[in-house]
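J.: Curious how this folds, go ahead:
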Amino acid sequence: MGHPPLNHPAVEQITITVKLFAIYQEAYGQPELQWTFPAHTPIEEVLNRVLVEHPHLEPWRERTRLGLNLQFVSPDTLLEDGDEVVLIPPVSGG
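T.: Numbering: from 1, shown residues only. You can find the predicted model right below:
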């Protein structure tokens, strides 16, 4: 059960918190998620996973900002263990 194949070195896993707002929170029915990714995963993979699980949110891809530990970051920023990712859709109204 628990051993990876010998030809595959164990990939270090990191655990992050994903904070959800607005449409993302509605899609999951909860305000945050705990997800595990391989180390050195770019932050955009968080959004990619959300859109795989909830394809109806695809139109929001280009308009969603990615926050990492309370700062806006580019999609290729690498995640580290314990990071907090925030998906921020556009705010309606004005």
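J.: who touches the closest residue to residue 67 other than its chain neighbours in this structure?
T.: Leaving out its chain neighbours, the residue that sits closest to residue 67 by Cβ to Cβ, 6 or more residues apart in numbering is residue 86, at 3.6 Å. Where C-beta positions appear, they are placed from N, C-alpha and C, glycine not excepted. Neighbour list for residue 86: 18, 19, 21, 66, 67, 68, 70 [criterion: Cβ atoms under 8 Å, 6 or more residues apart in numbering].
J.: Now do the buried residues in the longest helix seen in the chain.
T.: Scanning the chain for the helix with the most residues, using DSSP state H, yields helix 44-53. By 16 or more other Cβ atoms under 10 Å, the buried positions in helix 44-53 come out as 44, 46, 47, 50, 51.
J.: Show me what that helix is packed up against.
T.: strand 13-20, strand 32-38, strand 65-68, strand 84-88 (3 or more Cβ pairs under 8 Å, 6 or more residues apart in numbering; DSSP states H and E).
J.: what angle sits between it and strand 13-20?
T.: Angular relation of helix 44-53 and strand 13-20 on a 0 to 180 degree scale: 70 degrees, by axes from the mean of the first three to the mean of the last three Cα atoms, to 10 degrees.
J.: Not counting its own residues, what contacts helix 44-53?
T.: Helix 44-53 is contacted by residues 16, 18, 24, 27, 35, 37, 57-58, 61, 64, 66, 75-76, 79, 85, 87 when judged by Cβ under 8 Å, 6+ apart.
J.: Specify which member of the residues you listed is nearest to residue 10.
T.: Nearest to residue 10 among those: residue 37, at 14.4 Å, using Cβ to Cβ.
J.: Give me the most central residue, the protein.
T.: residue 46 (2.3 Å; Cα atoms, centre = their mean).
J.: residues contacting the closest residue to residue 76 other than its chain neighbours?
T.: Closest residue in space to residue 76, ignoring its immediate chain neighbours: residue 42 at 4.9 Å, by Cβ to Cβ, 6+ apart. Residue 42 makes contacts with 75, 76, 77, 78, 79, as judged by Cβ under 8 Å, 6+ apart.
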